[in-house]
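Colleague: Please work out how this folds:
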Amino acid sequence: MTVGAVLAMELAGLLHLEYAASAGVIAFLTIQDTRQETSSSALRRGIAFCIMTLLCLPIFSLLGNRPWAFGIFFPLFLLICFTCRMEDSIAVNTVLATHYMAAGGVSLPMLKNECGLLLVGVGLGILLNSFMPNNLRRIQAKQSELDAELQQILHRMAIHVLKTEHPDYDGSCFHRTDQLLTDMEQETVRFMRNHYLEQDLYFMQYLMMRREQCEILRMIYRQICKLTLIPTQAKPLSDYLQTISDQYHETNDAVALLEKLDALHRFYQEQPLPETREQFENRAILYAILSDLRSLLQIKQQFSASLPKKGRGSSSFYRKQNFKTN
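Modeller: Reported below is the predicted structural model:
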């Protein structure tokens, strides 16, 4: 922002524009968090500039540079900007409007001068936004943290499915996953808004996939907390949960895990029926967990199947960036 403001002032001075300092203010106000926001803001300011000039033309030409003339212009301009949702254009164009007021109206030389200030300020703002730092590594870091947290959740499930008492198992781990999902979404949206032609929905799709899986893991957690006794069939389920935890990473397509799940399901079908109501209820909980695990893995399988065969995303951008899997 500092570099943009200084360069805009210098360039406006070299072009012999009046009020050259205003170009620096415009450049400063133009630079936004992402390239997309900057371009959209620049377009709105250009439209608002045309509206502002059309308002100033009759008002200042007829009424001169008296303060109450500005009092007539300003509420009209505010009304139009708020109605058209161009609030971010008010400050920049109000500064330019004061130049018209000081000159006593809109003349051709003043119109050229104000257009020059706007183009210099907005142009440098857009140019400097093209050097926006790439946040790809931050997305990858959040992605790795999220996957590691979900692995730990599955590992703890493998332990607690063999217990009926869970004094230290309160589900607080899901607060961490919620925060990681939120952080990754913010970084992903920022990344996508900074890349016009290279936009890739991979990270957003990945995020949605993991979010669905987190909801299923919550359901499994609640089921585990309902266990009142540990059937013999719980041990194979615990081992399977640990297997998922060990293989829970980005590139796993879940096909082999689903095959193991089918084998575990067949094993349960061969088991003798429960004899008591309590056994029946706890066996039903295990079956519910098994069904939820199938949904968990099918979500990942469908996600993997939707990706192109070459590379993880639909564009070559990540391969150019030496994008590596976990």
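Colleague: Can you classify Asn65 as helix, strand or coil?
Modeller: Three-state assignment for Asn65 (DSSP: H, G, I helix; E, B strand; the rest coil): coil.
Colleague: so what's the nearest residue to Met9 once chain neighbours are set aside up against?
Modeller: Spatially, and ignoring its direct neighbours in sequence, Met9 is nearest to Gly24 (4.1 Å; CB to CB, 6 or more residues apart in numbering). Glycine gets a C-beta too; all of them are placed from N, C-alpha and C. Gly24 makes contacts with Gly4, Ala5, Val6, Ala8, Met9, Ala12, Gly121, as judged by CB atoms under 8 Å, 6 or more residues apart in numbering.
Colleague: Out of the residues you listed, name the ones that lie in helices.
Modeller: Gly4, Ala5, Val6, Ala8, Met9, Ala12, Gly121 (DSSP state H).
Colleague: Verify the stated contact: the fifth one with Ala21.
Modeller: What that stands for is Met9. Yes - counting by CB atoms under 8 Å, Met9 touches Ala21, with 5.7 Å between them.
Colleague: Who has more neighbours out of those two?
Modeller: Met9 (21 against 14; other CB atoms under 10 Å).
Colleague: residue ranges with poor pLDDT in the stretch 151-300 of the chain?
Modeller: 193-200 (pLDDT under 70).
Colleague: residue ranges of the helices in it, please?
Modeller: Along the stretch 151-300 of the chain, counting by DSSP state H, counting those that start in this stretch, helices occupy 173-193, 202-225, 234-246, 255-269, 277-305.
Colleague: Let's have these in CSV, adding distance to Asp88 and mean neighbour count.
Modeller: Converted to CSV, the helices of the stretch 151-300 of the chain look like this (distance: least, CB to CB, whole Å; neighbours: other CB atoms under 10 Å):
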stretch, distance to Asp88, mean neighbour count
helix 173-193, 16, 17
helix 202-225, 26, 18
helix 234-246, 48, 18
helix 255-269, 49, 13
helix 277-305, 37, 17
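Colleague: quick one: the residue of the chain positioned farthest from its centre and Ala234, what's the gap?
Modeller: In the chain, counting by CA atoms, centre = their mean, Glu275 sits farthest out from the average C-alpha position, at 51.8 Å. According to CB to CB, to the nearest Å, Glu275 and Ala234 sit 16 Å apart.
Colleague: now Ser291
Modeller: On the measure of CB to CB, Ser291 and Ala234 end up 16 Å apart.
Colleague: ok, now Phe203?
Modeller: 37 Å.
Colleague: So which bits of stretch 90-102 are buried?
Modeller: By 16 or more other CB atoms under 10 Å, the buried positions in stretch 90-102 come out as Ile90, Val92, Asn93, Thr94, Val95, Leu96, Ala97, Thr98, His99, Tyr100, Met101.
Colleague: In strands, which of the residues you listed appear?
Modeller: Judged by DSSP state E, strands contain none of the buried residues of stretch 90-102.
Colleague: between the residues you listed, which is closest to Cys115?
Modeller: Leu96 (9.3 Å; CB to CB).
Colleague: mind listing what the closest one touches?
Modeller: Contacts of Leu96 by CB under 8 Å, 6+ apart are Ser22, Phe49, Met52, Glu114, Leu117, Leu118.
Colleague: biggest separation within those residues, which pair?
Modeller: Pairwise distances across these (CB to CB) peak at 13.5 Å, for the pair Ser22 and Met52.
Colleague: hang on, Ser89 packs against Phe82?
Modeller: No - counting by CB under 8 Å, Ser89 stays clear of Phe82, with 10.6 Å between them.
Colleague: These two: which is more packed in?
Modeller: Set side by side, Ser89 and Phe82 show more neighbours around Ser89, with 25 against 11, by other CB under 10 Å.
Colleague: tell me which residues of whichever strand or helix holds Met52 are tucked away?
Modeller: Here Met52 sits within helix 35-63, counting by DSSP states H and E. For helix 35-63, burial by neighbour count (16+ other CB under 10 Å) applies to 35-39, 41-42, 44-45, 48-49, 51-53, 55-56, 59-60, 63.
Colleague: ok now that helix, how far from the chain's centre?
Modeller: The chain centroid and the centroid of helix 35-63 are separated by 31 Å under CA atoms, centre = their mean, to the nearest Å.
Colleague: Average pLDDT for it, rounded please.
Modeller: On average, the pLDDT along helix 35-63 is 85.
Colleague: For it, which helices and strands make contact with it?
Modeller: Helix 35-63 is packed against helix 21-30, helix 67-83, helix 90-103, helix 108-129, helix 173-193, with contacts defined by 3 or more CB pairs under 8 Å, 6 or more residues apart in numbering; DSSP states H and E.
Colleague: out of the ones you listed, which comes closest to Leu217?
Modeller: Of all those, helix 173-193 comes closest under CB to CB, at 7.7 Å.
Colleague: what is the orientation angle of that closest one with helix 202-225?
Modeller: Angle, helix 173-193 to helix 202-225, by axes from the mean of the first three to the mean of the last three CA atoms, to 10 degrees: 170 degrees.
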